[in-house]
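Any chance you could fold what I've pasted below:
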Amino acid sequence: MITPGLWRSFLTSMEEMSLQTEQTRDGLGCGTPPETSDQKTALDGQNGILEAGTLEGRKEFVPPAVGMEFESYDDAYNYYNCYALEAGFSVRVKNSWFKRNSREKYGAVLCCSSQGFKRVKDVNRLRKETRTGCPAMMRMRLVDSKRWRILEVTLEHNHLLGGKGCKSIKKMGSGTKRKLLPNSDPEIQPIKLYRALVIDAGGDGSSNFNLKQVKTASDQPNQLNLRKGDTQAMYNYFCRMQLTNPNFFYSVDLDEEGRLRNVFWIDAWSRAANGYFSDVIFFDNTCLSNKYEVPLVTFVGVNHHGQSVLLGCGLLASETKESYVWFFKAWLTCTSGHFPQTIITDRCKVLQSAVADVFPKSNHRFGLSHIMRKIPEKLGGLRNYDAIRKALLKGVYEALKPFDFEAAWGFMIQHFGVADNEWLRSLYDDRAQWAPIYLKDTFFMGMAAAQPGETLNPFFDKYLHKQTPLKEFLDKYELALQKKHKEEVNADMESRNSSPELKTRCSFELQLSKVYTRAIFRKFQLEVEEMYSCFSTTQIHNDGAITIFLVKERVLHEGNRREIKDFEVLFNRAATEVRCICSCFNFYGYLCRHALCVLNFNGVEEIPSKYILSRWKKDYKRLYIQDSGADNSETSKQLQWFDQLYRSALQVVEEGVISLDHYKVALRALEESLDRVHGIEEKHV
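As a prediction, this is how the structure comes out:
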């Protein structure tokens, strides 16, 4: 149990927290010392270590918590000793349980050496009684996974804690003791030991941090509305992730009275994905705006297979600019301040203002699919609703030029008499932020949803419903991520180990079948096939090296009705540049059938490299090198080194699971690399 007294001490330590980040009123940034702030913000790093600025200025281990798991009893025992060493008390074994037949140990209780009282007959009258009946303890058991899981923890002591050093440390392994010799660095060595002991801890249990006593008030508009036990469950998850996920990051936003306001977190896979796929991101606040039980907000991107990938998530107290700005800044903190090229959000003035403040260099666009989903709600009560909806969709999706859109909109307004509709009026005023016809210069990488039926679905669409409680969602969260990771790994294997079937004799199809991932190639392959629905390519204007062609296509409409449409394509022969009025390349990241027709018409046998985006390639993650930016501070360099090393190691892991042979080679390479790194360390001793 987490006691109120311990929680109060945690809040006090949070106010004094000394982190390698910059603290502002709205959030945290990376790389500089903290500034004074009236707002309490807690931020833990990715190493499973709480770096609290206590009076001694020492680093403290994350306390033992319910749900932590260890590979062996010795690992669990040594971990508790490390924690005790830092906290200033010694450990003894209170109870142990063994199986009757095999004498295999299956349960134990470790406690503070001051626990209980000596029996009268054991008391040495010449020696002062040292036991105080201290309640601090850790109960653990061997579970089905053959790991030792912590089932119960009491952290609070009823006596003063002493300095570092405890006699129970003698029971630890010899390798451990060597790391704790007097000539060892007192700040670094315990941390290394702690990481070595618990870095492999896993399982489906939760760890326990001191959020149980956080004040929550559901009737306050700017405070997170949580059920009883939700804060405990949330911090259980955070603590466990810090132990099992070496690049895990989270940030907690508290108001001046210590009430939980906003939360942000991002796991190691998502942080790695940000390095590759944060060029175009979708900020989804559906759960927050629709008043879900879990007020979840997420950043979502697309990977090299066109699959959705989580780039960070959190819980927000309210739809205020302050909350959005805090969340955006927290995300920037763990992505080294790299701005997305395009950010897509719901159509909202508050969001628009927050994005302008935090992402001034990004193209901010409103999600078209979100707007289209609101048509029944906003227009359903109008007379001639079906006809109005049809006219609106025709103007939005079929217009090729601004004039076409304006004409279709004007017809709808006048013909159906809806000029006074406030939603349509505001929608028209914002048309440059959402209508495809005005966004043809914006890169969307497949997230434009510029065609009927295309949507930006929530990342946790099948795992989170309006009444899903937070505790249940946290369990489903990891299941969802595991499923997504498995899908990506399977897609990587499929792309590398098999060749797609060619359906035409077009050289473009053969060229990109060797380059693109399978999923992206299938989409491009459809464009190659549909070249045959384009029956005429005609030059209509020439200005030096620049020529404009008209490509006619039979376009399929409702009821299998085909209509001939004209597409203008600009071609620069000298620079081998091609651009179609449909802007398929900007919307989806590959050339359309009309542009391919013009290249073919002009005798171009291979697609120019500028139109083969690296992010769609099979080996993209292996070849990608991230721009480190201009920040050359020591802290920033170390963060960049960590991120780069983690991404590189992750690539070895992903490649290593393809087969048993891959696994053996990858494991051997990692072990050899670790030996070499240790060799460098020994040279400096």
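
going forward, measure contacts between C-alpha atoms and count neighbours the same way
Noted.

mind listing the strands in the stretch 1-150 of the chain by residue range?
For the stretch 1-150 of the chain, the strands defined by DSSP state E, counting those that start in this stretch cover 21-23, 28-30, 40-44, 49-50, 60-61, 69-70, 91-98, 105-112, 137-142, 148-154.

backbone phi and psi for G446, please?
phi 90, psi 0 (degrees, to the nearest 10).

Make sure it is actually in contact with G306.
Yes - using Cα atoms under 8 Å, G446 is in contact with G306, at 7.2 Å.

what helices or strands is the helix of greatest length in the chain leaning on?
Counting by DSSP state H, the longest helix found in the chain is helix 470-497. Judged by 3 or more Cα pairs under 8 Å, 6 or more residues apart in numbering; DSSP states H and E, helix 470-497 is in contact with helix 230-244, helix 518-529.

deepest of these, which one?
The highest mean neighbour count among those, using mean count of other Cα atoms under 10 Å, belongs to helix 230-244: a mean of 23.

Next, the angle from it to helix 470-497.
30 degrees (axes from the mean of the first three to the mean of the last three Cα atoms, to 10 degrees).

now helix 230-244: how far from the chain's centre is it?
The chain centroid and the centroid of helix 230-244 are separated by 16 Å under Cα atoms, centre = their mean, to the nearest Å.

Next: stretch 519-539.
Relative to its chain's centre, stretch 519-539 lies at 35 Å (Cα atoms, centre = their mean).

same check, this time on stretch 391-399
Centroid displacement of stretch 391-399 relative to its chain, using Cα atoms, centre = their mean, is 35 Å.

Is C313 located within a strand, as I assumed?
Yes - with DSSP: H, G, I helix; E, B strand; the rest coil as the criterion, C313 is part of a strand.

if we can go back for a sec, please identify the buried residues of the longest helix of the chain?
Buried residues in helix 470-497, counted by 16 or more other Cα atoms under 10 Å: 470-471, 473-476, 480-481, 484, 488-489, 491-495.

before we move on, back to that, comparing the helices and strands packed on helix 470-497, which gets the lowest mean pLDDT score?
When the helices and strands packed on helix 470-497 are compared by mean pLDDT, helix 230-244 comes last with a mean of 83.

pLDDT averaged over the following helix or strand past it - what is it?
Going down the chain from helix 230-244, the next helix or strand is strand 249-254, by DSSP states H and E. For strand 249-254, mean pLDDT is 88.

Give me the sheet partners of strand 249-254 and which way each runs.
Here strand 249-254 has these sheet partners by DSSP bridges: strand 40-44 (antiparallel), strand 260-266 (antiparallel).

Would you single out the least confident of those strands?
In terms of average pLDDT, strand 40-44 trails the rest of these, at a mean of 39.

which residues sit in contact with the residue nearest to G107 when sequence neighbours are not counted?
Among residues not flanking G107 along the chain, R141 sits closest, at 4.2 Å (Cα to Cα, 6 or more residues apart in numbering). R141 makes contact with 106-108, 148-151 under the criterion Cα atoms under 8 Å, 6 or more residues apart in numbering.

from these, which is closest to E558?
R149 (59.6 Å; Cα to Cα).

you'd agree the closest one is up against A108?
No - with contacts counted by Cα under 8 Å, R149 stays clear of A108, the gap being 10.4 Å.

Return the residues in contact with the spatially closest residue to G312 that is not a sequence neighbour.
Excluding the flanking residues, the one nearest G312 by Cα to Cα, 6+ apart is I266, at 4.7 Å. I266 makes contact with 248-250, 311-313, according to Cα under 8 Å, 6+ apart.

Need the contacts of R141 in JSON lines (columns: neighbour count, pLDDT and distance to L382).
Below are these laid out as JSON lines (neighbours: other Cα atoms under 10 Å; pLDDT from 0 to 100; distance: Cα to Cα, whole Å):
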{"residue": "Y106", "neighbour count": "17", "pLDDT": "88", "distance to L382": "69"}
{"residue": "G107", "neighbour count": "19", "pLDDT": "90", "distance to L382": "69"}
{"residue": "A108", "neighbour count": "21", "pLDDT": "92", "distance to L382": "70"}
{"residue": "W148", "neighbour count": "26", "pLDDT": "88", "distance to L382": "64"}
{"residue": "R149", "neighbour count": "30", "pLDDT": "86", "distance to L382": "61"}
{"residue": "I150", "neighbour count": "26", "pLDDT": "89", "distance to L382": "61"}
{"residue": "L151", "neighbour count": "18", "pLDDT": "85", "distance to L382": "60"}
